[in-house]
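Enquirer: Have a look; sequence and predicted model below, questions after that.
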Amino acid sequence: MKSHSIFLIILLGIIPVARAQMPPPTVVLAEAQTVWLAPTVDVPGTVVSRNDARLASDLAARLTWIAEVGTTVKEGDTIARLTDITFRLNEMEADSRVARERARVEFLNSEVGRLESLAERNNAARSQLELTRSDLAVAEADLDIARAQLGQAKVAMALTEITAPFDGVITERLRNFGERLNAADVVLRLVNPASIEVVARAPLSSVNFIAQNDELELFNDYRNGRGTVRTIVPVGNPQSHMFEVRLNVAADKWTVGESVRLSMPTAVARQVLSVPRDALVLRREGTSVFRIDSDQVAEQVSVVAGMGAGDLIEVIGDVRPGDRIVVRGAERLAPGMSVSVAESDAPVGKTSAANK
């Protein structure tokens, strides 16, 4: 029993020594700052391509070849072909008709010249001249019609190849080679993944608090970023009380068809003192933040959380702009503890509200 008492006495003496030898906890800091914030609501949006087309056949013909799904093409590349034998024959026929009408016009021109010389000495030739001139006018009109028909035949031949109207990727084949097509039958879908934007529908209550070229926060379960308002459709839906907004986004960050959420302001921005949301310490006794003084000692400050936007949140309490606030590592702190300050490996405190 005596040996157990001695062991406890030794152990109780070691614990304070061990605590004294422990290194100070490491924390990451951010400065409290005065910014313009507005309350926001998260609304759903979708990443879409500005160039997303379902390409159809202009002719009634059989499909002989079509590009594979996933093929990357440039503007003007052939992406499908139709059988062209009928249209080739039509072009040959129209070309021959032009040659025939041209020969007729040339003959009548020579006849007009011959009759003009005879008409000076012969009244009968003068009457024949007028008739030949009339035939020449008809022949020239027929030549124009033949040339137009040849042009139509050439256009039809060109349309036997469906070409890409813009750079993109074949994302869907709606018909297969060997199938008979009618005019206006959709053949495939072409999408340009490099020309994208976000389309969102927001409540009408927000329409007065955003403007063209404003930056809004975008996020989903996998990534976050920012988008610039390109346009606002000024007409709302009377049933849903929503309006449409379109934002320019980085093509290398988002994928066509991806779902996102936008932080949309619902009131006029006002100037507030803010800290990153991660700085708030929520405990039973209330909300607080830890401030680190010049001696690297932690001080716990009680605050009241106000409105938030993005990663920032308004705080009301004994916090001043420029105070160094703990954003990581606060869960291990207690008032009066010394700390070791680490460099942040990522930017802290992004917000969708514009600093003014």
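Expert: Right, received. Where do you want to start?

Enquirer: Please, which helix or strand holds Gln212?
Expert: Assigned by DSSP states H and E, Gln212 falls within no helix or strand.

Enquirer: Okay, now the unreliable bits of the chain?
Expert: 1-22, 123-124, 236-237, 344-356 (pLDDT under 70).

Enquirer: Show me it divided up by domain.
Expert: 23-37+269-342, 40-50+196-265, 54-82+160-194, 84-159 (automatic domain parsing).

Enquirer: any idea how far the first one is from the chain center?
Expert: Just to be clear, that refers to domain 23-37+269-342. Mean C-alpha position of domain 23-37+269-342 versus that of the full chain (Cα atoms, centre = their mean, to the nearest Å) differs by 37 Å.

Enquirer: I'd like the domains of the chain laid out as CSV, including mean neighbour count.
Expert: Just so you know, the C-beta spots here come from the backbone N, C-alpha and C atoms, and that holds for glycine as well. Below are those laid out as CSV (neighbours: other Cβ atoms under 10 Å):
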stretch, mean neighbour count
domain 23-37+269-342, 17
domain 40-50+196-265, 16
domain 54-82+160-194, 16
domain 84-159, 15
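
Enquirer: what about the helices in this protein?
Expert: With DSSP state H, the ranges of helices along the chain come out as 2-21, 85-119, 123-158.

Enquirer: Please identify which of these is closest to Arg54.
Expert: helix 123-158 (20.4 Å; Cβ to Cβ).

Enquirer: Could you check the angle the closest one makes with helix 85-119?
Expert: 160 degrees (axes from the mean of the first three to the mean of the last three Cα atoms, to 10 degrees).

Enquirer: got a list of what the residue nearest to Gly308 when sequence neighbours are not counted touches?
Expert: Excluding its sequence neighbours, the residue lying closest to Gly308 (Cβ to Cβ, 6 or more residues apart in numbering) is Arg277, at 6.5 Å. By Cβ atoms under 8 Å, 6 or more residues apart in numbering, Arg277 lies in contact with Gly308, Asp311, Leu312, Ile313.

Enquirer: Just put those in TSV and tack on distance to Val48.
Expert: Shown next, in TSV, are the contacts of Arg277 (distance: Cβ to Cβ, whole Å):
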residue	distance to Val48
Gly308	29
Asp311	27
Leu312	29
Ile313	32
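
Enquirer: Which of those residues fall in strands?
Expert: Gly308, Leu312, Ile313 (DSSP state E).

Enquirer: where's the second one relative to Ala251, distance?
Expert: Taking Cβ to Cβ, to the nearest Å as the measure, Leu312 falls 28 Å from Ala251.

Enquirer: What of the last one?
Expert: Here Ile313 is placed at a distance of 32 Å from Ala251 (Cβ to Cβ).

Enquirer: what's the answer for Thr287, then?
Expert: 41 Å.

Enquirer: do Thr171 as well
Expert: From Thr171 across to Ala251, the span is 16 Å (Cβ to Cβ).

Enquirer: Likewise for Glu111?
Expert: From Glu111 over to Ala251 the distance is 68 Å, taken as Cβ to Cβ.

Enquirer: List the contacts of the residue lying closest to Leu115 once chain neighbours are set aside.
Expert: Leaving out its chain neighbours, the residue that sits closest to Leu115 by Cβ to Cβ, 6+ apart is Leu129, at 3.9 Å. Contacts for Leu129 (Cβ under 8 Å, 6+ apart) come out as Val112, Leu115, Glu116, Leu118, Ala119.

Enquirer: Just the closest of those to Val229, please.
Expert: Closest to Val229, out of all of those and judged by Cβ to Cβ, is Val112, at 69.7 Å.

Enquirer: mind listing what the closest one touches?
Expert: So Val112 contacts Leu129, Thr132, Arg133, Leu136 (Cβ under 8 Å, 6+ apart).

Enquirer: Just to check, the last one is in contact with Val105?
Expert: Yes - contact between Leu136 and Val105 holds when scored by Cβ atoms under 8 Å: they sit 6.8 Å apart.

Enquirer: Roughly how far does the closest residue to Thr132 other than its chain neighbours sit from Leu143?
Expert: The shortest distance from Thr132 to any non-neighbouring residue, by Cβ to Cβ, 6+ apart, is to Glu111 (4.9 Å). Computed as Cβ to Cβ, the Glu111 to Leu143 distance reads 16 Å.

Enquirer: and if you look at Val47?
Expert: Taking Cβ to Cβ, one finds Val47 at 55 Å from Leu143.

Enquirer: same thing with Ala269?
Expert: Ala269 is 72 Å from Leu143, where distance means Cβ to Cβ.

Enquirer: Could you do Val229 as well?
Expert: For Val229, the distance to Leu143 - Cβ to Cβ - is 57 Å.
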